[in-house]
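Asker: Sequence and predicted model, in that order:
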Amino acid sequence: MNHPDRPLVWLHGEIKTPPFSAAARIEAGLLLRRLQRGETLPMPHARPMPVIGPRCHELRINDADGTWRIIYRLDHDAVIIGEVFRKKTPATPGPVIDTCKRRFEAYDR
């Protein structure tokens, strides 16, 4: 049985050139498309982010000028994008985690 792709729901952020390079934008698009089709992406492409909430993950995009992260949640009917940001430290910044929690909670209401 063929299942329809899940839509992307953007709560915040975008992927465009610039600041993403064209190659990084294409990579992000391909990975998001795989998520829409129902794939679960393993490391190094994605990692779970249970600190944000259930079904939340961090998509990892390496670019020539830095590393990008896309925080998303996999719902049964959509891929919810909570944040897109340039990663500058090894740990995900606390304000990003808090903001994503608030955005996903607001979306659920």
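Answerer: Alright, I've got the coordinates.

Asker: Return the distance of residue 56 relative to residue 30.
Answerer: Going from residue 56 to residue 30 by Cβ to Cβ, to the nearest Å gives 21 Å. Placement of C-beta: from N, CA and C, glycine included.

Asker: out of these two, which sits in the busier spot?
Answerer: Neighbour tally, residue 56 and residue 30, criterion other Cβ atoms under 10 Å: the higher count belongs to residue 56, 20 against 10.

Asker: where's that one relative to residue 20, distance?
Answerer: The gap separating residue 56 from residue 20 is 22 Å, by Cβ to Cβ.

Asker: Check for me that residue 27 belongs to a helix.
Answerer: Yes. Counting by DSSP: H, G, I helix; E, B strand; the rest coil, residue 27 is located in a helix.

Asker: For residue 10, which non-adjacent residue is closest in space?
Answerer: residue 81 (4.9 Å; Cβ to Cβ, 6 or more residues apart in numbering).

Asker: And the contacts of the strand or helix carrying that neighbour?
Answerer: Following DSSP states H and E, one finds residue 81 within strand 79-87. Applying Cβ atoms under 8 Å, 6 or more residues apart in numbering, the contact partners of strand 79-87 are 6-15, 19, 32, 35-36, 52, 56, 66-74, 96, 99-100, 103-104, 107.

Asker: give me the number of residues near the residue nearest to residue 10?
Answerer: Using other Cβ under 10 Å, residue 81 has 23 neighbouring residues.

Asker: partner residues bridging it?
Answerer: residue 10, residue 72 (DSSP bridges).

Asker: how near is it to residue 64?
Answerer: Counting by Cβ to Cβ - residue 81 and residue 64 are separated by 23 Å.

Asker: for this protein, which spans come out with low pLDDT?
Answerer: 1-3 (pLDDT under 70).

Asker: Surely residue 102 is in a helix?
Answerer: Yes. Secondary structure of residue 102 (three-state DSSP): part of a helix.

Asker: Nothing else from me, thank you.
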